[in-house]
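Asks: Sequence and predicted structure below; questions after.
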Amino acid sequence: MISLNNIDRFYICLLLIGACTFTGVSGQLPYNFNALKEKYSKNPVIISDRYLKIDFKSEKEPVIERTEYRELLVLSDNATFLADSKEYFSGLYELKKFEAYSLITEKGKTKKYPVEKYTRVSELDDEFFFDDEYAFQFLFPAVSQGARLVTESVSTTHDLHLPFIYFFGSRIPIENQKFTISCPSGVVIRYHLFGLDTSLIHFTTAEKNGIITYQWTFSGNKCYETDEYSPPQRYFTPHIIVNIAGYYENGRFINVMSSMNDLISWCQAKINRVDKENMPAEIRQLTDSVTRNAGSDFDKVRLIYAWVQKNIKYIAFEDGENGYVPAEAKNVLKLRYGDCKGKTSLLVAMLRSQGLKASFAWVGTRDLPYRYTEFPSIANSNHMIAVWWDESGHPVILDGTTRNHNISEIPVFIQGKECLIAKENGEYLVYSIPVAPSTSNSVNDSLFIELKGDTLIGYGKATLTGERKADLISILEGKDTSKISNIVTQMLPKASNKFLITSATCSDLSDTEHPLIINYTFRLPDYVSKNRDIYYINPNIDRFLNNMDISSGRNLPVENEMTLTHLFFCSIKLPDNLEAGILPENSSFENPKFGFSQQYQLSKKEIRLTTYINLNFIILEGEEINKYSEMLCQLKRNYLRSIPLTIKHQ
């Protein structure tokens, strides 16, 4: 991911932090503790006070000062887990002050217990080679019911392009909060509200001695919880993004971030060094070799894209301001690794070495709900991709961070998003990346079954395309062939945990241009039940979506990882001594965004079931969720239907 993600992580990690200047320890609580305990009886802790204050200061050069304050109020007598705490910071801001302490009120007197020891830590994972984010780890002292756990910080930056992001909601209730920006009257700001409940955000302005103070407060205090089916919190938690549009200096207006033109100028400045570098000989020689058998421009792009995917390791790299700047293509090639910016830099250079038109582009993954055309801001982007302009002048998206997508497949995490494509001479294009049709991401799983007593044995064939194919290839790559059966069992689950794949083979994993095909044999014991002289078998061995629980009346949106189709075919060969009774009725559910159909067929010796499920959405909201819940209920009922088998009489 592009290190604009620094901004995203910085504000998310400080989601619970506000800002205020603490004016001293008072002998009286600023609120009625018992009233709050009753009001939030289900919560062991709340945010009793939160404040964020932004000050625009003019020294030798403009500087932004962030003052942040957060106060947790412990309502439970069993909340020692709150003692162990950690606060995150980013290299995008210079930390001037950080303090944490507990306030304990007893017999009308309040005593301050400062944190005595802070440990600065960096948290790296396998995804990050270097990350300039750091944290202070510490223990709050004297954590008990009624304790107030306070953190304060002051940080500064000279980069006026960075947006200010404030969340008015959290996973725990917030009793009091305030967000203010104070700046000279010559400073112009732009802002936009996002998420649900924005009508509860109240905005005021005041001016004194040439300083304008903008203030936002929030009258709600409900929690904004996510679950496994919801999109990220930014989609529904009420929040604000503020840009400094510009400021007046000596009678002249200095643009900062007031329009798309300002945003593309800022972005273009970050890539100028690599965008205009001379073509290194080693890149031209390599690309000539990679494309030597190409018969067309499309073939050249396909081969270049596949080479970068397979030969340049993706490692995220974040380093403050440098996190915005792509590495030079020759360095990425030499090191054989790069982040999204570095891999894009190499892709663009290799394409251009063949006389192909290529561009850098910025995009926000689906973690971010923002659109450039709605509110231009640095906060809209956390990823970089390459664009090839084909013979007709159409942009073709190339995401170098993927490994097993072909040139025609756009990864799902940027589908449906706007990307900002840099063109020549400061021009740009805001391009809406299409969402793939559901048929592009498919699983077609077929079982051919024979009955051996109460056991099913047989063979299966699964064909996967698009994202479903890419996901499974990523899991299978580098694995011993003896482990394929277990992996396929997990990736293609069946109704019974006794379903055992006894052998499995798959098609060429390096061939991303064609569907992935898996052939396997299986056995499923204890599946056929018997009541007196009648046997019962349920052909619904595959029960896709059976574990999804979406209740009607749900308030949160529902997110689907990808548009997809899932087809299950089951053929059950009957023994000579058994015949099938009445089959379940065929059924279907139709909606433009989702649906299914089930069809049963019976011949003299064979029962056939075909289940087709179509999910053609990314986000569902409102009444659509109720319809989706209705469909799931009907599908789950269908999955319980069995077919009676009786003994033939001579």
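Replies: Structure received.
Asks: only C-alpha atoms for contact and neighbour calcs from this point on.
Replies: Fine.
Asks: Lowest mean pLDDT among the helices and strands of this protein, which one is it?
Replies: Least confident helix or strand, the chain: helix 5-13 with a mean of 37, by mean pLDDT, DSSP states H and E.
Asks: in this protein, which segments are predicted with low confidence?
Replies: Flagging of the chain using pLDDT under 70 yields the residue ranges 1-30, 123-132, 275, 277, 317-323, 650.
Asks: So which residue is smack in the middle of it?
Replies: Geometric centre of the chain, nearest residue: D367, 3.6 Å, by CA atoms, centre = their mean.
Asks: For it, which non-adjacent residue is spatially closest?
Replies: Excluding its sequence neighbours, the residue lying closest to D367 (CA to CA, 6 or more residues apart in numbering) is P232, at 6.0 Å.
Asks: residues contacting that neighbour?
Replies: Shown in contact with P232 (CA atoms under 8 Å, 6 or more residues apart in numbering): T226, D367, L368.
Asks: Could you pull up phi and psi at it?
Replies: phi -60, psi 160 (degrees, to the nearest 10).
Asks: And for S438?
Replies: Main-chain dihedrals, S438, degrees, to the nearest 10: phi -60, psi -30.
Asks: Run a quick neighbour tally on it.
Replies: Applying other CA atoms under 10 Å, we find 19 residues neighbouring S438.
Asks: Quick check: it touching I618?
Replies: No. S438 is beyond contact range of I618, at 10.3 Å (criterion: CA atoms under 8 Å).
Asks: got any residues that touch both of those two?
Replies: Joint contacts of S438 and I618 (CA under 8 Å, 6+ apart) are M562, T563.
Asks: Assign D227 to helix, strand or coil.
Replies: coil (DSSP: H, G, I helix; E, B strand; the rest coil).
Asks: which outside residues touch stretch 524-535?
Replies: So stretch 524-535 is contacted by 453-457, 496, 498-500, 536-538, 644-647 (CA under 8 Å, 6+ apart).
Asks: which of the residues in it are buried?
Replies: By neighbour count on 16 or more other CA atoms under 10 Å, the buried set for stretch 524-535 is L524, P525, Y527, V528, Y535.
Asks: next one: it to chain centre, how far?
Replies: 45 Å (CA atoms, centre = their mean, to the nearest Å).
Asks: start to end distance for that stretch?
Replies: End-to-end distance of stretch 524-535 (CA to CA, to the nearest Å): 16 Å.
Asks: Which positions are bridged to the nearest residue in space to K112 that is not next to it in sequence in the beta structure?
Replies: Leaving aside its sequence neighbours, K112 sits nearest to L103 (CA to CA, 6+ apart; 4.8 Å). Beta-bridge pairing for L103 (DSSP bridges): K112, R148.
Asks: my guess is L103 meets K111, correct?
Replies: Yes. Between L103 and K111 there is a contact under CA under 8 Å: 5.7 Å.
Asks: Identify the residues contacting I104.
Replies: T110, K111, K112, Y113, A142, G146, A147, R148.
Asks: and L92, which of the three is it?
Replies: coil.
Asks: measure it to W266 for me?
Replies: Where W266 is concerned, L92 sits at a distance of 16 Å (CA to CA).
Asks: Compare those two and say which is more crowded by neighbours.
Replies: Legend: neighbour count by other CA under 10 Å for L92 and W266, higher for L92 (23 against 15).
Asks: so that one sits right up against H158, yeah?
Replies: No. Using CA under 8 Å, L92 is not in contact with H158; the gap is 9.5 Å.
Asks: quick one on the thing from earlier: what is the burial count for the residue nearest to K112?
Replies: By other CA under 10 Å, the residues close to L103 number 23.
Asks: Any figure for the gap between it and T646?
Replies: For L103, the distance to T646 - CA to CA - is 76 Å.
Asks: Secondary structure element holding A470?
Replies: helix 466-476 (DSSP states H and E).
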